[in-house]
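A.B. asks: Need coordinates for the following:
(2 chains)
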Amino acid sequence: DSGVTQTPKHLITATGQRVTLRCSPRSGDLSVYWYQQSLDQGLQFLIQYYNGEERAKGNILERFSAQQFPDLHSELNLSSLELGDSALYFCASSDDGSNQPQHFGDGTRLSIL
Amino acid sequence: ILNVEQSPQSLHVQEGDSTNFTCSFPSSNFYALHWYRWETAKSPEALFVMTLNGDEKKKGRISATLNTKEGYSYLYIKGSQPEDSATYLCAFSHDYKLSFGAGTTVTVRA
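C.D. replies: Numbering: from 1, shown residues only, chains lettered A, B, ... in the order given. A predicted model of the protein is given here:
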């Protein structure tokens, strides 16, 4: 158990809809990272938050947004969903800094019908 | 997002044999190199974070080396066991981002 909790585990919705994925980091970790793993692709970095502030951005679509709340949990919002957004979305947390290991949650599998 | 390459893509090992595989990354602006093990139906699990050229890390039968000047890292598995079957990911750290390789999938045959 990594200590990182993601909900829901599975999500099925239709094109054009909006969903929110939730992540609670490991106790004491200030950084939260979001990743997307699509079919036949590796883990793609989306965005990182540190102690409530956005710290780094990857190839995140404009239809996607995220935030980290004062209690350090984070949410990833995906809107105007398209079939290609179907993927496994991981959240990870770390103490701080790029030289610290990241602890991954079990992921949310999003299926767009 | 920078190019991180892992080879081979997959390999099969007989139980008890040792094996190794490679991660190549940009040699400029190096900050850290991560290794993760990803078992089927689970989430990635951190193995090592390496920051210094020439660094060697070890965890049980798994070890890793790092050459930041030429931009590569090796992961070694000594005396492979069936429980070592997994995909091994390396990731290059830069600007607070991690760029992952596609992974090397190791299958250990009993």
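
A.B. asks: tell me the secondary structure for B:Glu83?
C.D. replies: helix (DSSP: H, G, I helix; E, B strand; the rest coil).

A.B. asks: Which pLDDT value belongs to it?
C.D. replies: The predicted local distance difference test score for B:Glu83 is 95.

A.B. asks: ditto for A:Glu82
C.D. replies: 97.

A.B. asks: Same check on A:Gly107?
C.D. replies: For A:Gly107, the predicted pLDDT is 97.

A.B. asks: what are the phi and psi values for it?
C.D. replies: phi 90, psi 160 (degrees, to the nearest 10).

A.B. asks: residues contacting it?
C.D. replies: A:Gln6, A:Lys9, A:Gln37, A:Leu88, A:Tyr89, A:Phe90, A:Cys91, B:Ser43 (Cβ atoms under 8 Å, 6 or more residues apart in numbering or on different chains). To be clear about C-beta, it is placed using only N, CA and C from the backbone, and glycine gets the same treatment.

A.B. asks: and the gap between it and B:Lys58?
C.D. replies: In this structure, A:Gly107 and B:Lys58 are 29 Å apart, going by Cβ to Cβ, to the nearest Å.

A.B. asks: Show me which of the contacts of A:Gly107 is closest to A:Cys23.
C.D. replies: Minimum distance to A:Cys23 across the contacts of A:Gly107 is 3.4 Å, recorded for A:Cys91 (Cβ to Cβ).

A.B. asks: Confirm for me that that closest one is in contact with A:Thr7.
C.D. replies: No. Applying Cβ atoms under 8 Å, one finds A:Cys91 not in contact with A:Thr7, separated by 10.0 Å.

A.B. asks: So which of these two has more stuff around it?
C.D. replies: Here A:Cys91 and A:Thr7 are set side by side on neighbour count (other Cβ atoms under 10 Å in any protein chain shown), and the busier one is A:Cys91, at 30 against 13.

A.B. asks: Just give the number of residues close to the nearest residue to A:Asn51 once chain neighbours are set aside.
C.D. replies: Counting by Cβ to Cβ, 6 or more residues apart in numbering or on different chains, A:Leu30 is the residue found nearest to A:Asn51 once chain neighbours are left out, at 4.6 Å. Other residues within reach of A:Leu30, judged by other Cβ under 10 Å, total 16.

A.B. asks: okay, A:Leu30: pLDDT?
C.D. replies: The pLDDT attached to A:Leu30 in the predicted structure is 95.

A.B. asks: and if you look at the one 5 residues further on?
C.D. replies: Model confidence at A:Tyr35, given as pLDDT, is 97.

A.B. asks: Check A:Ser2 too.
C.D. replies: Reading off the per-residue confidence, A:Ser2 sits at a pLDDT of 87.

A.B. asks: before we move on, what about B:His12?
C.D. replies: Per-residue pLDDT puts B:His12 at 97.

A.B. asks: Neighbours of it, how many?
C.D. replies: Neighbours of B:His12 under the rule other Cβ under 10 Å: 13.

A.B. asks: just the one 3 residues further on next, same as before
C.D. replies: In terms of burial, B:Glu15 registers 12 neighbours under the definition other Cβ under 10 Å.

A.B. asks: Now do the nearest residue to it once chain neighbours are set aside against chain A, distance only.
C.D. replies: Here the nearest residue to B:Glu15 in space, its sequence neighbours aside, is B:Ala110; by Cβ to Cβ, 6+ apart that works out to 5.1 Å. Counting by Cβ to the nearest Cβ, to the nearest Å, the separation of B:Ala110 from chain A is 28 Å.
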